[in-house]
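[1] Structural data only, the sequence is not supplied:
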């Protein structure tokens, strides 16, 4: 079993290193990093999406051409040059592929053809579009009639055909509808007639809440779902990826948002069959006691569950309990996180995902009409669907036509039983629930597929982007894939987690920072530090609450602000210290809007946001001018915990995934803060430094060197963990008897926190420089 879980291509793997492309980082710039990565001991260069994306994209997930490498990054020629250079440095390349969606943009060449020709376009079935009516483009700032009456529309010609220019848009037109019309301005009557003749219609953006004609990514209307389950779409979406792998330019894949697909299991089987020797990691968020299905033909997940385990085992239960008690006392909230999540789910499904709910009701109605024994109406179906979605504790089940895993059947039964407690009568729920799981026929299939796609979107938006910014007594646990109501882990439970990972997924990635984590790794460890010294944090919080400029701010927001300030604080004379106040303010504005309680992305409330942002700037300025002793104490403990985290990440089962720049202190908040530029020259100089950055860089280099010297020991060697001798000790042992022992003491200064022994010979880490105050 173990060999199948660790592909032969990864037998000598040491670590992946993720680089964020764009924002002035192209293939030529990445090539400059290769000597540094090789010296560091990295085996795999892991790149964010390389495909052509929307002009100005900062992340690359808004793809416009899956068949082309982004020209602004260097195009095909630039990528080939990078790949060949990487090979010379001993590095394989992992690319991030996005099968779930492309961007709903006029730059999307497949979509342009669909807009011109509607359901008759050869690409019409590539996109997940409801063709029962015209495709709705929710792009106008007002109703079409209002816009048409106040702005002049124009018929114009672009290289691929005629377009309608209106309200700053340039929308492709069906050529047949433009015959006989002169190019130039259109009078209102001609504008309306031309608009009405298209396979699409322009509507006010606010109407997206009521009806969408396409499946989107979560609640991002500008990202349109792809029907990757169709064999033709599968081949055309992956044609470039297959070419790059088969040409030897790409050696491994990371699959984005696998749970958004209509049938993730069939997709992974098809992808693995097409690329049988290629390691594949999936972005799959595991919740609670959920495990990755061991039948999936992948190397493992991208590692959020490992990040959760590391954070939890380094957290002190008594300290977390003290913080929870203080939270309840100062905010007046006695509810736990799951109560906040339950409330958030009800709000999100009725607000941000109301279009998805409407579609589910319509699909349920179609199914009900085919079942003689089910007489019901839309309101009852809506009530049942909401109850089922709210009670779904995972991203999704994996029901497929004729396939139902025992695990999913048991989970679904529990979901139905819990949902039934919220209803006056469960007759419709039981019938509908059975049809979603195992019903036959086209109507049941359509509802089953769509329900499982929506359940993941709801959990993500309600958990990470809503409740996660409302219930914040211990922000370290408010992370992707984590459970704030279960924030700690015993050494025994951590040992069990590691043994299970070794047995089932020894080559799964282990991340501590990514482009999607809510806080970067060292920022999170400063937050873990408050569980070690809760009184220090409560002193900082009390000082914040007593400020005159904090009087009108809620207690919950002050908890969030004070923890966030601790997470990213740097001294004023630090090279990265100059803009932390502005960064904190920008984060707080985002956090308030994500919480969706008094201000919202579409409808911001300056009266709520401005005082919090002003306090963020002022608090950071004061802390930089005169750092409180408690702040410095927590930061020093955070440094110790950061080194312990790094050591666990590199020694526990799994393949370490290094996020660009985290060789040094990574003190960032959620995106876009965690995607700020990183200076390569700064990283190359780190090992010679005497501060925490130098300590971290040297520890990483030592650990990766050990993995490179004996990769089999770390990929397949046994693991023993205990905490009986005044330290947390991990011992890896190979079949040949070679050992690697790691001892962690999180309560000591960072220079004394990590000790390593290789075959009973202590390895000097040279971490004994004086601790800095950073």
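    Sure thing, it's come through. In this text the structure is predicted, and so the values were computed from the model without any measurement.
[2] quick one: residue 731 and residue 582, what's the gap?
    Distance from residue 731 to residue 582, counting by CB to CB, to the nearest Å: 46 Å. C-beta here means a position set from N, CA and C on the backbone, and glycine is covered the same way.
[3] cool, and residue 726?
    According to CB to CB, residue 726 and residue 582 sit 44 Å apart.
[4] Also residue 682?
    Distance of residue 682 to residue 582, computed by CB to CB: 21 Å.
[5] What's the local residue count around residue 299?
    25 (other CB atoms under 10 Å).
[6] hang on, it packs against residue 505?
    Yes. Proximity of residue 299 to residue 505 meets the contact threshold set by CB atoms under 8 Å, at 7.4 Å.
[7] follow-up on the earlier one: settle it for me: which of residue 726 and residue 582 has more neighbours?
    residue 582 (13 against 9).
[8] Once you drop chain neighbours, what's closest to the more buried one?
    The shortest distance from residue 582 to any non-neighbouring residue, by CB to CB, 6 or more residues apart in numbering, is to residue 617 (6.8 Å).
[9] I'd guess residue 239 is in a helix, am I close?
    Yes. Looking at residue 239 with DSSP: H, G, I helix; E, B strand; the rest coil, it is inside a helix.
[10] helix or strand for the closest residue to it other than its chain neighbours, which one?
    Using CB to CB, 6+ apart and skipping the chain neighbours, the partner closest in space to residue 239 is residue 67 (6.0 Å). Per DSSP states H and E: residue 67 is located in strand 63-69.
[11] Not counting its own residues, what contacts that strand?
    Residues from elsewhere that reach strand 63-69 (CB atoms under 8 Å, 6 or more residues apart in numbering): 49-54, 75-76, 78-79, 98, 101-103, 105, 107-109, 236-240.
[12] got the buried residues for the helix or strand following that strand?
    Reading on from strand 63-69 to the C-terminus, the next helix or strand found by DSSP H and E is helix 75-88. For helix 75-88, burial by neighbour count (16 or more other CB atoms under 10 Å) applies to 75-76, 78-80, 82-83, 85-86.
[13] pLDDT of helix 75-88, averaged?
    Helix 75-88 shows a mean pLDDT of 98.
[14] do stretch 721-733 as well
    90.
[15] what distance separates that stretch from the centre of its chain?
    32 Å (CA atoms, centre = their mean, to the nearest Å).
[16] Flag the shaky bits of the stretch 501-650 of the chain, pLDDT-wise.
    Judged by pLDDT under 70, the stretch 501-650 of the chain has no weakly predicted residues.
[17] the bottom helix or strand of this structure by mean pLDDT?
    Counting by mean pLDDT, DSSP states H and E, the weakest-scoring helix or strand in the chain turns out to be helix 2-5, with a mean of 45.
[18] just the helices in the stretch 401-550 of the chain please.
    406-420, 427-438, 442-463, 491-504, 521-532, 534-545 (DSSP state H, counting those that start in this stretch).
[19] Please tabulate the ones you listed in TSV and include mean neighbour count and distance to residue 258 as additional columns.
    Shown next, in TSV, are the helices of the stretch 401-550 of the chain (neighbours: other CB atoms under 10 Å; distance: least, CB to CB, whole Å):
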stretch	mean neighbour count	distance to residue 258
helix 406-420	16	16
helix 427-438	19	20
helix 442-463	22	10
helix 491-504	17	17
helix 521-532	28	24
helix 534-545	19	37
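[20] Could you double-check that residue 305 sits in contact with residue 286?
    Yes. The pair residue 305 and residue 286 qualifies as a contact (CB under 8 Å) at a distance of 4.7 Å.
[21] Which parts of the chain belong to which domain?
    Domain segmentation of the chain under automatic domain parsing yields 2-100+228-302, 109-222, 341-463.
[22] From the structure, what's the count of residues near residue 310?
    29.
[23] so what does the helix or strand that contains it touch, helix or strand wise?
    Residue 310 belongs to helix 304-314 when assigned by DSSP H and E. In terms of contacts (3 or more CB pairs under 8 Å, 6 or more residues apart in numbering; DSSP states H and E), helix 304-314 is packed against helix 491-504, strand 509-511, helix 521-532, helix 629-651.
[24] Turn the ones you listed into a markdown table, including distance to residue 482.
    Converted to a markdown table, these look like this (distance: least, CB to CB, whole Å):
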| stretch | distance to residue 482 |
| --- | --- |
| helix 491-504 | 13 |
| strand 509-511 | 13 |
| helix 521-532 | 10 |
| helix 629-651 | 14 |
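[25] Tell me which residues are up against whichever helix or strand comes after the helix holding residue 310.
    Remark: after helix 304-314, the chain's next helix or strand is helix 317-331, criterion DSSP H and E. Here helix 317-331 makes contact (CB under 8 Å, 6+ apart) with 333-334, 472-474, 477, 487-488, 530-535, 537-538, 541, 545, 554-556, 559.
[26] one step back: what is the mean pLDDT for the helix holding residue 310?
    98.
[27] before we move on, what about stretch 428-441?
    96.
[28] For the remainder of this discussion, apply numbering that starts at 386.
    Shifting the count to begin at 386 puts that one at stretch 813-826.
[29] wait, what's in contact with the residue nearest to the spatial centre of the chain?
    Among the residues of the chain, the one closest to the centroid is residue 901, at 4.0 Å (CA atoms, centre = their mean). Residues counted as contacts of residue 901 (CB under 8 Å, 6+ apart) are 865, 1056.
[30] Recalculate using a threshold of 6 Å.
    residue 865 (CB atoms under 6 Å, 6 or more residues apart in numbering).
[31] Pull up the gap between it and residue 1124, please.
    36 Å.
[32] hmm, back to that, help me confirm that the residue nearest to residue 967 comes into contact with residue 970.
    Yes. Between residue 1002 and residue 970 there is a contact under CB atoms under 6 Å: 5.3 Å.
[33] got the phi/psi numbers for the residue nearest to residue 424 when sequence neighbours are not counted?
    Using CB to CB, 6+ apart and skipping the chain neighbours, the partner closest in space to residue 424 is residue 1086 (8.0 Å). The phi and psi values for residue 1086, taken as degrees, to the nearest 10, are phi -60, psi -40.
[34] Check residue 481 too.
    phi -90, psi 110.
[35] what kind of secondary structure is residue 1114 in?
    Applying three-state DSSP: residue 1114 is strand.
[36] If we ignore the residues flanking it in sequence, what's nearest it?
    Closest to residue 1114 by CB to CB, 6+ apart is residue 1128, at 5.0 Å.
[37] And the pLDDT for residue 643?
    For residue 643, pLDDT reads 97.
[38] residues in contact with it?
    Neighbours of residue 643 in contact, by CB under 6 Å, 6+ apart: 649, 667, 669.
[39] ditto for residue 817
    residue 769.
[40] Strands of the stretch 1036-1159 of the chain, start to end?
    1040-1044, 1103-1107, 1113-1118, 1124-1129, 1139-1143, 1146-1148 (DSSP state E, counting those that start in this stretch).
[41] ok, residues contacting the fifth one?
    Same thing as strand 1139-1143. 1028, 1032, 1125-1128, 1148.
[42] tell me, how many neighbours does the residue lying closest to residue 636 once chain neighbours are set aside end up with?
    Among residues not flanking residue 636 along the chain, residue 477 sits closest, at 3.7 Å (CB to CB, 6+ apart). Using other CB under 10 Å, residue 477 has 21 other residues around it.
[43] partner residues bridging residue 477?
    residue 429 (DSSP bridges).
[44] close enough to count as contact, it and residue 430?
    No. Under the criterion of CB under 6 Å, residue 477 makes no contact with residue 430, lying 7.2 Å away.
[45] Tell me the one of the contacts of strand 1139-1143 nearest residue 518?
    Among the contacts of strand 1139-1143, residue 1032 lies closest to residue 518 (CB to CB), at 58.0 Å.
[46] That closest one and residue 1068: what is the separation?
    For residue 1032 relative to residue 1068 (CB to CB), the value is 20 Å.
[47] which one of these two has more residues nearby?
    Neighbour count, other CB under 10 Å: between residue 1032 and residue 1068, residue 1032 has more, with 25 against 20.
[48] What residues does the more buried one make contact with?
    Contacts of residue 1032 by CB under 6 Å, 6+ apart are 1127, 1139.
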